[in-house]
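# next input, structure requested:
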Amino acid sequence: MSSLAWIDFDEAERQRALRIMALLDEREGRDELGLGSIRDSIADHLFPGTSTIQTRLRYMLFVPWIMRMLESRDLAEGQLRSEARELEIRLADALKAGGEQYGIIGRDAGARLQRLPSSVYWSGLGAWRIRNFPGSADSLFASLPARKRGRLPVDPDELAQSAAVDAVWVRTLPEAPADLLQKTTFHLTAEEAQFIVDRLVNAQAGSLIAFLAREAMEVDCDYIWAHPRLAEFPEFARRLVRHGEIFSQIMHGAALLYNLTLSELRGRDDWADEYRRRIAAWSEEIGPTLARGWSLGEFWDAVKHPGHSIKPPARRFVTEWLELVADGTPQIATLPAARLLVEMRERQLKTTQSRYVNRSVRDRWSGASGVNRLTFRWNQTRSHLKDLIDAR
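Numbering: from 1, shown residues only. Below you'll find the predicted structure:
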């Protein structure tokens with residue numbers, strides 16, 4: 001068993017950080033230049049099971065608890081699906097009744113909620129092996145009536161699969177509170193926190209999130225590469241974090257240039273002046289030395305991930321941008337080759353919806369797209385780790 005020994009964080013600061021996180025991640029999530037597969041490869045190596053739309057860690061328990069309530073119900077598939085939706089909506093009300101304000105999925109939408117907690121956390125539940133059932137939530141609903149009737153498969157292959165997924169959820173899942181759907185909070189009990197740490201260590205032993213959870217390391221930093229105990233990370237994680245830092249730094253300039261050129265096309269001198277200022281600061285921060293000393297070959301090897309395919313156009317864009325930065329970082333804002341590279345990449349991705357060629361789309365542009373540095377889901381991971389820290 002792992003052990004928990006957490007430090008305390010101020011709750012007001014936590015809530016402030018969560019609100020800021022939501023804003024930053026909305027902007028980071030806009031993959032205007034087609035870097036998503038690279039970004040997600042790095043994130044899934046370091047922080048598997050997380051996603052940018054997750055909010056609070058206890059949903060990793062809320063979802064299986066709610067699904068377990070349905071397993072004994074003698075209902076048809078469609079009824080199970082409707083009942084599950086109703087219970088997930090009731091959970092939002094229970095969290096509000098418990099005094100929670102931030103991170104509640106469906107807090108304002110109520111019955112109109114489109115993205116249920118189960119859809120947000122389903123993949124993570126599988127990655128952390130809290131969920132044994134291999135299919136989707138809909139597949140689970142389809143299988144529950146047969147499970148309830150105790151139907152035995154007659155095909156040997158089906159029998160083997162049935163045995164493998166006999167328990168939908170890991171058997172060590174803590175029991176749900178009796179008043180879960182009346183009044184609850186995001187605060188984990190010590191038992192629940194220990195369960196999650198053990199699941200991470202068991203299912204994702206080689207990941208950085210498992211290491212940080214097991215070692216109970218401080219997490220109050222904006223970027224994972226700014227972690228005060230980075231030197232204590234496993235060697236593979238230090239290497240990948242360093243690659244991620246450089247990738248985030250260098251490609252940030254391309255995102256800023258994209259926003260600058262669109263601001264100019266919109267005739268918004270105030271926006272354009274701000275982006276020129278930000279590009280100048282970016283250029284001064286990295287200089288050509290960083291780009292020249294970075295090995296792209298080592299980077300591509302480090303970020304390979306079975307769940308993501310990094311296509312040749314994305315590789316070419318990164319390679320060509322890196323070459324331009326290495327040759328002329330201070331002049332990047334006015335460099336025709338840099339401007340053309342960014343424009344052609346966006347046009348290739350968006351075709352007729354490109355903001356460069358479609359004026360009506362451009363006119364709806366808000367003035368900021370993907371302008372924050374990539375964090376590789378560190379914000380969500382930091383929030384989850386803080387929820388473990390606050391366990392009681």
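# please make it C-alpha for all contacts and neighbour counts, starting now.
Will do.
# any idea how far the residue positioned nearest the centre of the chain is from Asp138?
A centroid search over the chain (C-alpha atoms, centre = their mean) returns Ser51, at 2.3 Å, as the residue closest to the centre. Per C-alpha to C-alpha, to the nearest Å, Ser51 is found 20 Å from Asp138.
# who's in contact with the residue nearest to the residue nearest to the centre of the chain when sequence neighbours are not counted?
In this structure, Ser51 finds its nearest non-sequential neighbour in Arg377, 6.7 Å apart by C-alpha to C-alpha, 6 or more residues apart in numbering. For Arg377, the contact set (C-alpha atoms under 8 Å, 6 or more residues apart in numbering) comprises Ala43, Phe47, Thr50, Ser51, Thr52.
# hmm, back to that, pretty sure the residue nearest to the centre of the chain contacts Gln380?
Yes - under the criterion of C-alpha atoms under 8 Å, Ser51 makes contact with Gln380 at 7.2 Å.
# overlap in contacts of the two?
In contact with both Ser51 and Gln380: no residue, using C-alpha under 8 Å, 6+ apart.
# list the residues that contact the residue nearest to Arg292 when sequence neighbours are not counted.
Nearest in space to Arg292, with sequence neighbours left out and distances taken as C-alpha to C-alpha, 6+ apart, is Ala326 at 5.5 Å. The contact partners of Ala326, by C-alpha under 8 Å, 6+ apart, come to Gly287, Pro288, Thr289, Leu290, Ala291, Arg292.
# okay if I get these as a markdown table plus distance to Leu180?
As requested, the contacts of Ala326 are arranged in a markdown table below (distance: C-alpha to C-alpha, whole Å):
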| residue | distance to Leu180 |
| --- | --- |
| Gly287 | 54 |
| Pro288 | 56 |
| Thr289 | 55 |
| Leu290 | 52 |
| Ala291 | 52 |
| Arg292 | 55 |
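# tell me which of these fall in helices.
Counting by DSSP state H, the contacts of Ala326 place Gly287, Pro288, Thr289, Leu290, Ala291, Arg292 in helices.
# and the residue nearest to the third one when sequence neighbours are not counted, what element?
The one in question is Thr289. Closest residue to Thr289 apart from its sequence neighbours, by C-alpha to C-alpha, 6+ apart: Ala326 at 7.1 Å. Of the helices and strands defined by DSSP states H and E, Ala326 is found in helix 312-328.
# off-centre distance for that helix?
For helix 312-328, the separation from the chain centroid amounts to 26 Å (computed by C-alpha atoms, centre = their mean, to the nearest Å).
# what is the helix or strand following that helix packed up against?
Next along the chain after helix 312-328, taking DSSP H and E as the criterion, comes helix 336-350. With contacts taken as 3 or more C-alpha pairs under 8 Å, 6 or more residues apart in numbering; DSSP states H and E, helix 336-350 sits against helix 235-266, helix 312-328.
# comparing those helices, which comes out most buried?
helix 235-266 (a mean of 20; mean count of other C-alpha atoms under 10 Å).
# from the contact counts, what lies against that one?
By 3+ C-alpha pairs under 8 Å, 6+ apart, helix 235-266 packs against helix 36-46, helix 269-292, helix 296-303, helix 312-328, helix 336-350, helix 359-363.
# angle of that helix against helix 36-46?
Using axes from the mean of the first three to the mean of the last three C-alpha atoms, to 10 degrees, the inter-axis angle of helix 235-266 relative to helix 36-46 is 150 degrees.
# mind listing what Ala205 touches?
Phe211.
# mind checking what secondary structure it has?
coil (DSSP: H, G, I helix; E, B strand; the rest coil).
# low-confidence stretches in the stretch 201-350 of the chain?
Applying pLDDT under 70 to the stretch 201-350 of the chain flags no residue at all.
# so how far is Leu80 from Arg73?
Taken as C-alpha to C-alpha, the span from Arg73 to Leu80 is 8 Å.
# between these two, who's got more neighbours?
Leu80 (22 against 14; other C-alpha atoms under 10 Å).
# which of the three states applies to the residue nearest to the more buried one when sequence neighbours are not counted?
Nearest non-adjacent residue to Leu80, counting by C-alpha to C-alpha, 6+ apart: Phe141, 6.2 Å away. At Phe141 the chain is in helix, as set by three-state DSSP.
# burial of Phe141, as a residue count?
21.
# test my guess that it contacts Glu83.
No - using C-alpha under 8 Å, Phe141 is not in contact with Glu83, being 10.5 Å away.
# domains of this structure?
59-173, 235-363 (automatic domain parsing).
# can I get those in CSV with distance to Ser369?
As requested, the domains of the chain are arranged in CSV below (distance: least, C-alpha to C-alpha, whole Å):
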stretch, distance to Ser369
domain 59-173, 23
domain 235-363, 7
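# I'd like to know how many residues surround the closest residue to Ile310 other than its chain neighbours.
Nearest residue to Ile310, sequence neighbours excluded (C-alpha to C-alpha, 6+ apart): Ser37, at 5.7 Å. Ser37 is flanked by 18 other residues according to other C-alpha under 10 Å.
# ok, the one 10 residues further on next?
The burial count assigned to Phe47 is 21, neighbours taken as other C-alpha under 10 Å.
# gap between it and Leu144?
Separation of Phe47 from Leu144 (C-alpha to C-alpha): 31 Å.
# swap in Ile105?
From Ile105 to Leu144 the distance is 25 Å (C-alpha to C-alpha).
# looking at the two, which is more packed in?
Neighbours were counted for Ile105 and for Leu144 using other C-alpha under 10 Å; Ile105 has more, 24 against 21.
# identify the residues contacting Lys96.
Contacts of Lys96 (C-alpha under 8 Å, 6+ apart): Ile104, Arg107, Lys183.
# hmm, I was thinking of Thr381
Counted by C-alpha under 8 Å, 6+ apart, Thr381 has contacts Phe47, Thr50, Ile209.
# do the same with Phe317
Leu341, Arg345.
# quickly find the element holding Met60.
Assigned by DSSP H and E, Met60 falls in helix 59-71.
# next helix or strand past that helix?
helix 77-97.
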